[in-house]
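Colleague: predicted model and sequence below, questions to follow.
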Amino acid sequence: MEYKIERIRNIGIIAHIDAGKTTLTERILYYTGKVHRMGEVDEGSATMDYLEQEKKRGITIVSAATTCYWKGHRINIIDTPGHVDFTVEVERSLRVLDGGVVIFSAVEGVEPQSETVWRQANRYGVPRIVFVNKLDRTGSDFYRTVKQIEEKLKARPLVVTIPLGEESEFRGVVDVIKMKAYVWHEETLGATYDTIDIPDELKKKAEEYREKLIEHLADFDERITVKYLEGEEIRPSEIKTALREATIKTFGFPVFCGAALRNKGVQPVLDGVIDYLPSPADLPPIKGENPKTGKEEERKPSLDEPFSALVFKIVSDPHGRLSYARVYSGRIEAGKTVLNVSTGKRERISKIFLMHADRRTEMKEAKAGEIVAFVGLRTTKTGDTITDQKHPIYLEPPVIPEPVISVAIEPRTRADQDKLSLALQRMADEDPTFRIRRDPETGQTLISGMGELHLEIIVDRMKKDYRVDVRVGQPRVAYRETIKDVAEGEGKFIKQTGGAGMYGHVILRLEPHPEGKHFEFVDETKGGVIPPQFVQPIKEGIEEAMETGGLAGYPVIKIRAVLTGGSWHEVDSNDMAFKIAASMAFREAYMRANPVLLEPVMRIEVMVPHDYLGGVIEDLNSRRARILEIEHRPDFQIVHAIGPLSEFFGYATTLRSLTKGRGSYMMQFDHYAEIPPEEHEKILFKVRGY
């Protein structure tokens, strides 16, 4: 069946780990008729957690896409992981989505990773609705969670439903727009519910929240303002219209409540997706850069526009390499050739699939507003733009975080060597936060990722999916290098052979980047000192030299390189000569600019029962951690701290021991900081061996 673009919703389910994302998605699939049996995460039967590692661990590791239908609308859903080690899955999904459903646990409230995904959604300006889950649990508090959304996220919650009953007595929700209550039937697994009058004890609370909602909307919508000030009745349809506009413009965020595991409160969320989240047509045209002219262009979400799409995920599949893409404009048929604007190469789309987790339905064409998987794009990577060959446009790729932890890996037998190379390459293709490099000193292969769990799962997949038996070394910190002073360097590469020679001469100034950006290159040469065609090779030479810093061989970050001079030869100068000269100039300037080592500093949140707080804080202090605040909750305390990653390997075991198994923690990368002098020499000694 054809769906007009106005009837399409592209949404992501995002939240902290264990807030109930996959459970909610399973209910949505069941109530929309997509599946005939609800899968459960704890049983390993969830449709969207299809990897063996996901079933075994009961967590989502990779984002999974599916499509379902509700009240004449097509909803494309991406269920994302909650663990910080897989944050790139959220990042690249949010880049291509039009809306999100953010889930908060009513027991834990706004948790650390909830704040992270909220900030990620803010970065891409994604409209969201909120679902406060687990209202059937002991210790749940809907109103406390709403207050935390306001205080911690600095967001404006627009409450649409409030709970009917608390904890074990929770049985339904009250809709403050329609002023009706809904009570779900246990025997139909929540597929049906009764609409009843609001119980007397909740009428006052419902009226209070309806009044609050209208007050917020009066700040946004003039029509509501006029009616509100004149004391006129505001119809539910008028509230919904204003609420939709306020949501699309991220003025506020509609809040729903329920208990997904107990099958209560899911249908109002589905209605909210349709009523309040935007279709591709509701959003401004996507902006990008014309690679030929360098000027900004835009593409409207229309079938009449030239084809453009952003590839946001690669999956190596037994049936072929799948490139998940969001189509922003136009249409493309299977068998057609497209231009990869990011690489300049042409590639042929052999097949197009609509995905349902790991299952697929073949389609003849993909159209604006759709999320599909292409087969045939052999060299396309995450973040690449593919377009009509005659009308290229470059779309901004998602932000990819830098890995913070490394381990050495080697095959157990020589027969495994080739299989290991293939497995590593395929997984690096799929996951842009997974990096591979060879240590020039030891000859070891080092793999880097976002955390211990990330690398553990990669090694597990190598053994299970690719049948490679490997040995893994101890975790290492992915240190970085930078400079503290300004310095100049000169590189001159002259090579004379029998024929044409090579000549490149570069003078550079290196300085710490004032805004802390990874790298910036500035050309200050004038009057043709160096011809324009050699400026790009010079930049590339610097970037290659930055991959291994002169202090301890770690990548260099946070610098500005300024090309100030040099010379060239009419016959002997070429790209390679200037690349090598730039690399030489960089190394000379770098060692003069007071290089220092940087270490990854992590944001740590430890949930501790009251009795064990003292021991946990003492241990954190011994790990060079700095306590930021201690948040008090009824049953536990949350310690917010920052500390160096190097001190937190194996922390899970220590915390279990300190709290008799009752404590838990979450850790995520925060920033790079200079290593204290007393640690500096220790690390250099480890790396250099002297």
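Modeller: Sure thing, it's come through. Residues are numbered from 1 along each chain as shown.

Colleague: so Ile224 sits against Ala218, correct?
Modeller: Yes - at 4.8 Å, Ile224 and Ala218 qualify as touching, with contact defined as CB atoms under 8 Å. For every residue, glycine as well, the C-beta is placed using N, CA and C.

Colleague: which one's more surrounded, the two?
Modeller: A count of neighbours by other CB atoms under 10 Å puts Ile224 above the other of Ile224 and Ala218, at 23 against 18.

Colleague: so which strand or helix has that one?
Modeller: Under the criterion of DSSP states H and E, Ile224 resides in helix 222-229.

Colleague: so who does Asp429 touch?
Modeller: Contact analysis of Asp429 by CB atoms under 8 Å, 6 or more residues apart in numbering lists 314, 316, 321, 381.

Colleague: just checking, it is part of a strand?
Modeller: No - Asp429 is assigned helix when assessed by DSSP: H, G, I helix; E, B strand; the rest coil, not a strand.

Colleague: just confirm Thr23 is within a helix.
Modeller: Yes - with three-state DSSP as the criterion, Thr23 is assigned to a helix.

Colleague: now it: how far from Ala191?
Modeller: The spacing between Thr23 and Ala191, counted by CB to CB, to the nearest Å, is 16 Å.

Colleague: so these two - more neighbours on which side?
Modeller: Ranked by neighbour count (other CB under 10 Å), Thr23 and Ala191 place Thr23 first, with 27 against 15.

Colleague: quick one, phi psi at Glu456?
Modeller: Note on Glu456: backbone dihedrals following degrees, to the nearest 10 are phi -60, psi -40.

Colleague: count the residues that sit near it.
Modeller: 17.

Colleague: mind checking pLDDT for it?
Modeller: With respect to pLDDT, Glu456 scores 84.

Colleague: how near is it to Leu628?
Modeller: 28 Å.

Colleague: export the one helix or strand Tyr328 maps to to PDB, keeping only CA atoms.
Modeller: In this assignment (DSSP H and E), Tyr328 forms part of strand 320-329. What follows is strand 320-329, C-alpha atoms only, in PDB (Å, rounded to 0.1, in the frame of the first residue of the first chain):
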ATOM      1  CA  GLY A 320      25.200  -9.400   1.200                       C
ATOM      2  CA  ARG A 321      26.400  -6.100   2.700                       C
ATOM      3  CA  LEU A 322      23.400  -3.900   3.800                       C
ATOM      4  CA  SER A 323      23.600  -0.100   3.700                       C
ATOM      5  CA  TYR A 324      20.900   1.400   5.800                       C
ATOM      6  CA  ALA A 325      19.900   4.800   4.500                       C
ATOM      7  CA  ARG A 326      17.400   7.600   5.000                       C
ATOM      8  CA  VAL A 327      16.000   8.900   1.700                       C
ATOM      9  CA  TYR A 328      15.600  12.700   2.000                       C
ATOM     10  CA  SER A 329      14.400  13.500  -1.500                       C
END
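
Colleague: so in that sheet, which strands flank it, and in what orientation?
Modeller: Strands that pair with strand 320-329, judged by DSSP bridges, come out as strand 308-317 (antiparallel), strand 371-375 (antiparallel).

Colleague: thinking again about what came up before, check which residues of the helix holding Ile224 are buried.
Modeller: Neighbour-count burial for helix 222-229 flags 224-225, 227-228 (criterion: 16 or more other CB atoms under 10 Å).

Colleague: buried residues in the helix or strand just after that helix?
Modeller: With elements assigned by DSSP H and E, the helix or strand that comes after helix 222-229 is helix 236-248. Of the residues in helix 236-248, 238-248 count as buried by neighbour count, 16+ other CB under 10 Å.

Colleague: nearest to Leu158, out of the strands paired with strand 320-329?
Modeller: Taking CB to CB, strand 371-375 is the member of the strands paired with strand 320-329 nearest to Leu158, at 27.1 Å.
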